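Visitor: would you be able to build a 3D model of this:
(4 chains)
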Number of protein chains: 2
Amino acid sequence: MLRDERHQRIIDMLDSNRIVSVSEIKANLQVTDMTIRRDLKALEEKGLLTRVHGGAKGNKEYYSQELSHGEKQQMNIDEKRYIAQLAAARIEENDTVFLGPGTTNEFIYDYINVSQARIVTNSIPVFLRFMNDPRFELLIVGGRYREKTNAIVGTFANEMLQQIKVNKAFIGTNRIHEHHITNLNEEEGVLQKIILENASEKYILADHTKFAQEAFYIFYDVRNVDAIITDQLIDPEIKAFYEKITTVIN
Amino acid sequence: MLRDERHQRIIDMLDSNRIVSVSEIKANLQVTDMTIRRDLKALEEKGLLTRVHGGAKGNKEYYSQELSHGEKQQMNIDEKRYIAQLAAARIEENDTVFLGPGTTNEFIYDYINVSQARIVTNSIPVFLRFMNDPRFELLIVGGRYREKTNAIVGTFANEMLQQIKVNKAFIGTNRIHEHHITNLNEEEGVLQKIILENASEKYILADHTKFAQEAFYIFYDVRNVDAIITDQLIDPEIKAFYEKITTVIN
DNA sequence: TACATTTAGGACAAAATCGAACAAAAATAG
DNA sequence: CTATTTTTGTTCGATTTTGTCCTAAATGTA
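Guide: Now for the predicted structure:
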């Protein structure tokens, strides 16, 4: 890989990551630490980033136009990142992984730590995250684009997914109520059901605010999933309830 | 291979990759490193690319207007826009249209003038162009993402397209030689053949530099398409030749 | 604090790339 | 056809880049 290409990629990584470690870059670009340090040094001299021990952080304005604490809280960004981290830790070398729509699944990219994997998704934002990273073979589900969730749905999508077996599926959900995993939209629910049925390991991602809410379109039963991945703010009682029927990771 | 053709091919490569290495070009064009270095030197002097150790990167950003006249000329931006305009004029209300990969097809978005249509594509950049425009129902072809051309290809893609009938298909091509429409890549050629066979009206988009060049992967016969859409710089003899076997729009 | 682990960077070696000079081949002119 | 010009290939030393090794500094941990 050419030096300029590496430089570009490092900048790309900093676009979505605000801080990257030498080892992350190393896994990504398949060169020695020393080369990366030299790259970082050069990029720092150009004023494109600031080196820190173990890596580098970006110094673009848009990193500072970060969300306010209140906004973050509103969207549960921290919780979602926490969940994404737990989910990413489940992904192993050469896995074939399905990632559904949702911010949490988008964040998984930031924490995934393998040198090779196959990613299947019906989410455009997820796809765009992984798009330019050579570690991943990317499969996008075909079908109709649904603007509301930036996801691909419909008959074509369902048919394609019926033919795909994945090691692990990570599905974000709108609501979990008793045994019911639900989605606000039927089409997306149908699709998620299909992929869950074709996945060896089924994970449901849901931050603590998703529990004990009313159900809309029920697409799956909690008892059939391998684990619910959630954050630490989950109500202990709710956690206890779900621990009786499946695994809860948080 | 002629020098001008090599130059064009190098520019083509930079059209889809932001950086190319000498060895990549070498593998593609089957000439010595030295010749490529000389080519790169010449192209750099024309302002069409920037050499870096081991290769060259493009000066493009063809979406921005920042290109000089000379640069635009080499990439045939004006011609591509002209062709896109002619193609867009063919699209009518409520059409179902397939748009393949390529800059020309991306430009179609800028000229399309309908209040409702269904767009089918296997090109990520095309998809992203149309994505947030409520006038269009968008279908994306599923399958494996091919980074080189930002397109979706492979078995899934082929299977899905086999089930889709479109009114009009617009296919950009790498080269047209005699009766042969060719592509540099077999997978993409196969896919384009499938969609052409399922399209009521078949249009080939090719700027004037694409004619009378050597063939790579032949995927279709010119005599079976409804029209070739090209620009006004096409050689009159070549135009006359193709007018005998199909329609030429320019 | 002391000790282990990780990260940094200098120094040198290895590998890749570059480009000048010349030879070979191809194209063009006469 | 031969002579001339242009283009491409080859060789080889210079340059640049990358990897390896090793020591120092920083960080983590008991």
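Visitor: helices along chain A, start to end?
Guide: A:3-17, A:22-29, A:33-45, A:61-64, A:69-75, A:77-89, A:103-111, A:124-130, A:155-162, A:186-197, A:236-243 (DSSP state H).
Visitor: possible to save the ones you listed as JSON lines with distance to DNA strand C, mean pLDDT and mean neighbour count?
Guide: Every C-beta, even on glycine, is put in place using the N, C-alpha and C of the backbone. Formatted as JSON lines, the helices of chain A follow (distance: least, Cβ to the nearest atom of the strand, whole Å; pLDDT from 0 to 100; neighbours: other Cβ atoms under 10 Å in any protein chain shown):
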{"stretch": "helix A:3-17", "distance to DNA strand C": "10", "mean pLDDT": "82", "mean neighbour count": "18"}
{"stretch": "helix A:22-29", "distance to DNA strand C": "4", "mean pLDDT": "87", "mean neighbour count": "18"}
{"stretch": "helix A:33-45", "distance to DNA strand C": "5", "mean pLDDT": "91", "mean neighbour count": "15"}
{"stretch": "helix A:61-64", "distance to DNA strand C": "19", "mean pLDDT": "40", "mean neighbour count": "10"}
{"stretch": "helix A:69-75", "distance to DNA strand C": "27", "mean pLDDT": "55", "mean neighbour count": "11"}
{"stretch": "helix A:77-89", "distance to DNA strand C": "17", "mean pLDDT": "88", "mean neighbour count": "20"}
{"stretch": "helix A:103-111", "distance to DNA strand C": "16", "mean pLDDT": "89", "mean neighbour count": "22"}
{"stretch": "helix A:124-130", "distance to DNA strand C": "24", "mean pLDDT": "91", "mean neighbour count": "21"}
{"stretch": "helix A:155-162", "distance to DNA strand C": "39", "mean pLDDT": "95", "mean neighbour count": "20"}
{"stretch": "helix A:186-197", "distance to DNA strand C": "36", "mean pLDDT": "92", "mean neighbour count": "21"}
{"stretch": "helix A:236-243", "distance to DNA strand C": "33", "mean pLDDT": "91", "mean neighbour count": "14"}
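Visitor: turn those helices into CSV, including distance to B:L138.
Guide: Below are the helices of chain A laid out as CSV (distance: least, Cβ to Cβ, whole Å):
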stretch, distance to B:L138
helix A:3-17, 24
helix A:22-29, 31
helix A:33-45, 37
helix A:61-64, 28
helix A:69-75, 26
helix A:77-89, 27
helix A:103-111, 20
helix A:124-130, 10
helix A:155-162, 12
helix A:186-197, 15
helix A:236-243, 38
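Visitor: which residues does A:I228 bridge with?
Guide: For A:I228, the beta-bridge partners are A:I204, A:V248 (DSSP bridges).
Visitor: next, the contact list for it, please.
Guide: By Cβ atoms under 8 Å, 6 or more residues apart in numbering or on different chains, A:I228 lies in contact with A:I176, A:Y203, A:I204, A:L205, A:A206, A:V222, A:Y242, A:T246, A:T247, A:V248, A:I249.
Visitor: the first one touches A:T182, doesn't it?
Guide: Right, the one you point to is A:I176. Yes - with contact defined as Cβ atoms under 8 Å, A:I176 counts as touching A:T182 (7.3 Å).
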